[in-house]
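*Asks:* Predicted model follows, preceded by the sequence.
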Amino acid sequence: MTPPHNYLAVIKVVGIGGGGVNAVNRMIEVGLKGVEFIAINTDAQALLMSDADVKLDIGRELTRGLGAGANPDVGKQAAEDHRDEIEEVLKGADMVFVTAGEGGGTGTGGAPIVASMARKLGALTIGVVTRPFSFEGKRRAAQAELGIENLRDECDTLIVIPNDRLLQIGDKHVSVMDAFKTADQVLLS
């Protein structure tokens, strides 16, 4: 008879784009253990500031490390261009959380690519994204809705956190930064 062995699930948390990388950084700050953190961004400067276990600078030729300029097509292309590198960092995962702030470029365009790859590798794939504040404008909101729909098709489960709602559940004097911290609590739970 084979003795039972303790098998721990391999969990990877991927933050893609500015919002996703910030969420990963806050999880690292509070000391979340037992997961591998991966930061993926087209903004090389922002990536340097991350304490993630793995940092992946995507779209180097496309954006020259300057970000996707809030263009989801650029974010998608950057992720497509670096499929092999992304696949390499996702390998071996049993569960992958993909987190992003919807409405911008890298996260909105790249998150569905990352989620699709994680699923193809056999990982349970959970998306956790934020919907932009209404004060961020109609264009960003429209991009976010399209990004959410694209991501929904690639995940086993998708959790969408409306940023406006975060301000409503706190007191009237809650800052935007505190609202983002509240969103990150969902990932920590």
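*Replies:* In hand now; what should we look at? Small disclaimer: the values here were computed from a predicted structure and weren't measured.
*Asks:* For my notes, confirm residue 89 occurs in a helix.
*Replies:* Yes: counting by DSSP: H, G, I helix; E, B strand; the rest coil, residue 89 is part of a helix.
*Asks:* Leaving out chain neighbours, which residue sits closest to residue 19?
*Replies:* Among residues not flanking residue 19 along the chain, residue 101 sits closest, at 2.1 Å (CB to CB, 6 or more residues apart in numbering). C-beta: built from backbone N, CA, C; applies to glycine.
*Asks:* Tell me, how many residues neighbour the one you found?
*Replies:* Using other CB atoms under 10 Å, residue 101 has 30 neighbouring residues.
*Asks:* Quickly list what it is bridged to.
*Replies:* Applying DSSP bridges to residue 101 gives these bridge partners: residue 130.
*Asks:* and residue 56, helix, strand or coil?
*Replies:* Criterion first, three-state DSSP; result for residue 56: strand.
*Asks:* what's the closest residue to it other than its chain neighbours in contact with, if anything?
*Replies:* Nearest residue to residue 56, sequence neighbours excluded (CB to CB, 6+ apart): residue 40, at 4.5 Å. Neighbour list for residue 40: 14-17, 20-21, 55-56, 58, 79, 86, 106, 110, 114 [criterion: CB atoms under 8 Å, 6 or more residues apart in numbering].
*Asks:* and residue 40, which of the three is it?
*Replies:* strand.
*Asks:* Same question for residue 104.
*Replies:* coil.
*Asks:* residue ranges with poor pLDDT in the chain?
*Replies:* Across the chain, the ranges flagged by pLDDT under 70 are 1-6, 169-189.
*Asks:* Now the residue nearest the centre of it, what are its backbone angles?
*Replies:* When CA atoms, centre = their mean is applied to the chain, the residue found nearest the centroid is residue 99 (2.4 Å). The phi and psi values for residue 99, taken as degrees, to the nearest 10, are phi -120, psi 140.
*Asks:* Settle this for me: it is touching residue 125, isn't it.
*Replies:* No: if you go by CB atoms under 8 Å, residue 99 and residue 125 don't touch, sitting 11.8 Å apart.
*Asks:* Show me the strands in the protein, by range?
*Replies:* 11-16, 36-41, 54-57, 95-101, 124-131, 157-162 (DSSP state E).
*Asks:* Make JSON lines from these and add distance to residue 67 to it.
*Replies:* JSON lines is the format used below for the strands of the chain (distance: least, CB to CB, whole Å):
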{"stretch": "strand 11-16", "distance to residue 67": "12"}
{"stretch": "strand 36-41", "distance to residue 67": "8"}
{"stretch": "strand 54-57", "distance to residue 67": "11"}
{"stretch": "strand 95-101", "distance to residue 67": "13"}
{"stretch": "strand 124-131", "distance to residue 67": "18"}
{"stretch": "strand 157-162", "distance to residue 67": "23"}
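*Asks:* Residue 74 is nearest to which of those?
*Replies:* strand 36-41 (12.2 Å; CB to CB).
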